[in-house]
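Student: predicted model follows, preceded by the sequence.
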Amino acid sequence: MKLGYHLGYWSAGPPPGALDAVKRAEELGFDSVWTAEGYGSDAFTPLAWWGAATSRIRLGTNIVQMSARTPTATAMSALTLDHLSGGRFVLGLGASGPQVVEGWYGQPYPKPLARTREYVDIVRKVIARREPVTHDGEFFQLPLKGGTGLGKALKPTVHPLRPEIPIFLAAEGPKNVALAAEICDGWLPLFFSPRSDAFYRGALQEGFGRPNARHTLSDFEVAASVPVLVHDDVEEAASWIKPSLALYIGGMGAKSVNFHHDVFARMGYADVADKVQELYLAGRKDEATAAIPTSLVEDTSLIGPAAKIREELARWEETVVTTLLLRGDADTLSKVAAALS
C-alpha cells in the first residue's frame, strides 16, 4: 500500500507546521497529500499554497463539497490546479450531509446519487474541452432553461494539461460506493475497517459490473483515512482518537440521518453507535466518548507499539485499500513511516 498525508480541514485557524509536514511527506516518499473542507476553510486554497512547495507528490482534495460550487466552477479550479502542479492534481468530491448542504449552502439535499452522477459528468466534459458544454439534467441545465434566454454553451478558455483529471468520490453507503466504482477513478472511504472489506468489495463490484464502468478493481484506487499512532500504551493512544469518533458517530448528522453512525452499525457496533449518539445529542460528550470501546478504535485505526502496528498492517494489505492516508505533524509522519516500513 502507498502512503498519503491528510491535512483535513482547519478548526479555528491554519494547522501549525502544515507546510513542514507536507514537505516531510514528500521527502519520505509519500504518494499524495490531501486537504478537506467543512464550513470554514476551503479545500483548494491550502492545497495550492502548500503544494507549491512540492514537486512530486500528488495533490488531492478529500473532499470538495459538491453543493459549495457549481460543477463548472469546480472544473475550473481543477483545471487551474492541474496546470500549476504539472499534472499532479486529484479531484476528490463528496455530497456531504443534509445539515451542511441545506444549513450552510442553502441547497437541496435529496437524491444525492443522481445529483453526483450529473455533477461528475459535467466536470469531465469541461476538462475534456472537446466541445461547448451542454447538459440537460434534473439538477443542472447548461445553458440554463428559462432566465433571460441569452445563455450560451461554452467551453473553457484554458486548454487542459491532461484530457482527464482523476476523480475520486467520498462514499460511505453501499449505493454511493457502487457509484464511485462506476463513474469515478477512486473511492475515499472514511472509517474503513478490514472487517468490513467483504461488504465494500461487494458494493464496488456492483459498480464495476455496470455497462459503462471505467475501471475494474485492479486499476481502481481506494485511499482510506486511517489514524495511525505509534505509542507504547494502546489505551492512551485510543483515548486520543475516541473524542473524534464520538463527534462523528454522535454529532455529525441528525439522529435520523447520520451516515457515520450507520457505518459503525454495519460494522457490528450498532448498540455502541446508538448509545454514543444518544449521549452526544444530549450534550453529554464526555460520556459519549467513554462509551466507545478500544476495540472499535482498533478496528478502524492502527495504534500501539510499532511491532503491533506492523503485525496488524497485514490485515489492511489484504483489503481493497490501496493507500493509507495518515495525519499528524512532520515528526509523527516520520515515526509512522518507520513503523510501517
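Tutor: Sure thing, it's come through. Residues are numbered from 1 along each chain as shown.
Student: just the strands in the stretch 1-150 of the chain please.
Tutor: Along the stretch 1-150 of the chain, counting by DSSP state E, counting those that start in this stretch, strands occupy 2-8, 32-35, 58-61, 64-65, 89-94, 135-136, 141-142.
Student: what residues of the longest one count as buried?
Tutor: To tie it back to what came earlier, the one meant is strand 2-8. Buried residues in strand 2-8, counted by 16 or more other C-beta atoms under 10 Å: 3-8. The way it works is simple: take the backbone N, C-alpha and C, and place the C-beta from them, glycine included.
Student: in CSV: the residues you listed, plus distance to residue 300 and pLDDT.
Tutor: As requested, the buried residues of strand 2-8 are exported to CSV (distance: C-beta to C-beta, whole Å; pLDDT from 0 to 100):
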residue, distance to residue 300, pLDDT
3, 17, 96
4, 17, 97
5, 18, 97
6, 14, 96
7, 20, 95
8, 16, 92
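Student: figure out which of the strands of the stretch 1-150 of the chain is closest to residue 100.
Tutor: strand 64-65 (7.0 Å; C-beta to C-beta).
Student: for the closest one, packing partners?
Tutor: Judged by 3 or more C-beta pairs under 8 Å, 6 or more residues apart in numbering; DSSP states H and E, strand 64-65 is in contact with strand 89-94.
Student: remind me what the strand it packs on packs against, helices and strands.
Tutor: Applying 3+ C-beta pairs under 8 Å, 6+ apart, one finds that strand 89-94 contacts strand 58-61, strand 64-65, helix 71-84, helix 112-128, strand 167-170, strand 186-188.
Student: follow-up on the earlier one: closest one to residue 241 among the strands of the stretch 1-150 of the chain?
Tutor: strand 2-8 (13.7 Å).
Student: other residues contacting that closest one?
Tutor: If you take C-beta atoms under 8 Å, 6 or more residues apart in numbering as the criterion, strand 2-8 is touched by 15, 18, 21-22, 25, 28-36, 46, 50, 60, 62, 223, 225, 322-327, 333, 337, 340.
Student: worst mean pLDDT across the helices and strands of the protein, which element?
Tutor: helix 259-264 (a mean of 88; mean pLDDT, DSSP states H and E).
Student: next helix or strand past it?
Tutor: helix 270-281 (DSSP states H and E).
Student: may I have the next helix or strand after that following helix as PDB, with CA atoms only?
Tutor: Sequence order places helix 285-290 as the next helix or strand after helix 270-281, per DSSP H and E. The C-alpha trace of helix 285-290 is given here as PDB (Å, rounded to 0.1, in the frame of the first residue of the first chain):
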ATOM      1  CA  LYS A 285     -20.000  14.400  25.200                       C
ATOM      2  CA  ASP A 286     -17.500  13.000  27.700                       C
ATOM      3  CA  GLU A 287     -19.900  10.100  28.400                       C
ATOM      4  CA  ALA A 288     -20.300   9.500  24.700                       C
ATOM      5  CA  THR A 289     -16.500   9.400  24.300                       C
ATOM      6  CA  ALA A 290     -16.200   7.000  27.300                       C
END
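Student: the residue nearest the centre of the chain and residue 251: what is the separation?
Tutor: With distances taken as C-alpha atoms, centre = their mean, residue 62 lies nearest the centre of the chain, 3.8 Å away. Taking C-beta to C-beta, to the nearest Å as the measure, residue 62 falls 21 Å from residue 251.
Student: spatially nearest residue to residue 279, not counting backbone neighbours?
Tutor: Nearest non-adjacent residue to residue 279, counting by C-beta to C-beta, 6 or more residues apart in numbering: residue 288, 3.9 Å away.
Student: residues in contact with the residue nearest to residue 119 when sequence neighbours are not counted?
Tutor: Nearest residue to residue 119, sequence neighbours excluded (C-beta to C-beta, 6+ apart): residue 71, at 4.7 Å. Counting by C-beta under 8 Å, 6+ apart, residue 71 touches 118-120, 122-123, 126, 140.
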